[in-house]
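Undergrad: compute the structure for the input listed below.
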Amino acid sequence: MSGHDYSDVSRAIDMATGGRRHRRLRRTAWSRELVRETRLSGSDLIWPIFVRDGGGEAEPVPSMPGVFRHSVNGCVEAARKADDLGIPVIALFPFNDTTRRDENGTEALNPNNLVCRAVRAIKAAVPQIGILCDVALDPYTSHGHDGILRDGHVDNDLSVEALCQQAIVQADAGCDIIGPSDMMDGRVALIRAALDGQGLRDTMIMSYAAKYASVFYSTFRDAVGSSGVLKGDKRTYQMDMGNGDEALREAAQDIAEGADMIMVKPGLPYLDILVRLTQEFNIPCFAYQTSGEYSMMMAAAERGWLDGDAAMMEVLTAYKRAGAAGVLTYFAPRAAEALRQRGV
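TA: Here you go, the predicted model:
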């Protein structure tokens, strides 16, 4: 304060700020906690889990440190862990080898496929846990696309017909939430009608309303075995990264067609889209912290470039601050455990 009396500076600051000193509320840990606007809890999290055939120990996904492909029995144990940690929903994604894949993804329609077996086993052991099932054909097709190819292009209407059957077998097995991630036009309306027609009116739909064509899916494709088989890319049906207004149109249509909840994927690169959707629509909107986001943070933490736990909490809080009702994240068990230790 060279050349100035501190009291004079204080008076000048008080005059400039009207006496409001924002730092007073930041002075102590308890005061920061007292006035915190956005809070994260285990009940805000959905845990994506990969299921594989066979038994034995869980198989690590090399490009996703700390993430594993579980047997059906392993998924049951993961569901028990989620329930113990206060995570309300798990999301199941199958790893299918090439013998379970064909051009039309017909294994997706098998009532005894890997996902359906896992759903039944989980519901028998942990009936109180919610289960979200992905509806898309990419884990089942030999070409790695989310729908059925005709003349080298994904046929929207043929694909929707298959997706409806996929949704029915999953709901029949005990799935609570159907998550259409395929981005075909009209699929929410037809899936809703198909479910209702089978007496499955209580099955919810969480639409991937704004799913962008993104590099942040690459490690997920490793986890489900699609990266080595994908022919071409998915830009003809997933959204272009430069578009924001289009996300509002997509969400409005899915809501009109009967979606109970909507989702933005990826999460962090599209926080602006999440904000716009939550402000525009009075419906729960979720964010998917994708595999690429997870792997990027884990890689930096393993190299000592980031404090992994602090980064995890900061980003998950960012989703909530942007308006997300909840977050699908591979960090779910780690975050829930950390929150429980804090008494949240």
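
Undergrad: so residue 322 makes contact with residue 287?
TA: Yes - applying Cβ atoms under 8 Å, one finds residue 322 in contact with residue 287, separated by 7.5 Å. Every residue, glycine included, has its C-beta placed from N, CA and C.

Undergrad: tell me where the model's unsure across this protein.
TA: 1-6 (pLDDT under 70).

Undergrad: change it to 50
TA: 1 (pLDDT under 50).

Undergrad: all helices for it, in order.
TA: 6-17, 29-34, 72-85, 114-125, 156-173, 187-197, 218-224, 245-257, 271-280, 291-302, 308-321, 332-341 (DSSP state H).

Undergrad: buried residues in the longest one?
TA: When you say that, I think you mean helix 156-173. Judged by neighbour count using 16 or more other Cβ atoms under 10 Å, the buried positions of helix 156-173 are 156, 159-160, 162-173.

Undergrad: on that earlier part again, which one of the helices of the chain lies closest to residue 105?
TA: helix 156-173 (6.6 Å; Cβ to Cβ).

Undergrad: quick one, that closest one and helix 114-125 angle?
TA: 30 degrees (axes from the mean of the first three to the mean of the last three Cα atoms, to 10 degrees).

Undergrad: specify the angle between helix 156-173 and helix 187-197 in degrees.
TA: 40 degrees.

Undergrad: how far is helix 156-173 from where the chain is centred?
TA: 20 Å (Cα atoms, centre = their mean, to the nearest Å).

Undergrad: and for stretch 213-223?
TA: On Cα atoms, centre = their mean, the centre of stretch 213-223 falls 13 Å from the chain's centre.

Undergrad: got the end-to-end distance for it?
TA: Counting by Cα to Cα, to the nearest Å, you get 18 Å between the two ends of stretch 213-223.

Undergrad: contacting residues around it?
TA: 50, 61-64, 67, 69, 93, 95, 144, 227, 230, 233-235, 238-241, 265-266, 269, 290-295 (Cβ atoms under 8 Å, 6 or more residues apart in numbering).

Undergrad: which ones among those residues lie within strands?
TA: If you go by DSSP state E, the contacts of stretch 213-223 have 50, 69, 93, 265 in strands.

Undergrad: tabulate the helices of the chain in JSON lines, adding columns for distance to residue 136.
TA: Putting those into JSON lines (distance: least, Cβ to Cβ, whole Å) gives the following:
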{"stretch": "helix 6-17", "distance to residue 136": "54"}
{"stretch": "helix 29-34", "distance to residue 136": "41"}
{"stretch": "helix 72-85", "distance to residue 136": "19"}
{"stretch": "helix 114-125", "distance to residue 136": "12"}
{"stretch": "helix 156-173", "distance to residue 136": "7"}
{"stretch": "helix 187-197", "distance to residue 136": "10"}
{"stretch": "helix 218-224", "distance to residue 136": "10"}
{"stretch": "helix 245-257", "distance to residue 136": "15"}
{"stretch": "helix 271-280", "distance to residue 136": "20"}
{"stretch": "helix 291-302", "distance to residue 136": "15"}
{"stretch": "helix 308-321", "distance to residue 136": "22"}
{"stretch": "helix 332-341", "distance to residue 136": "21"}
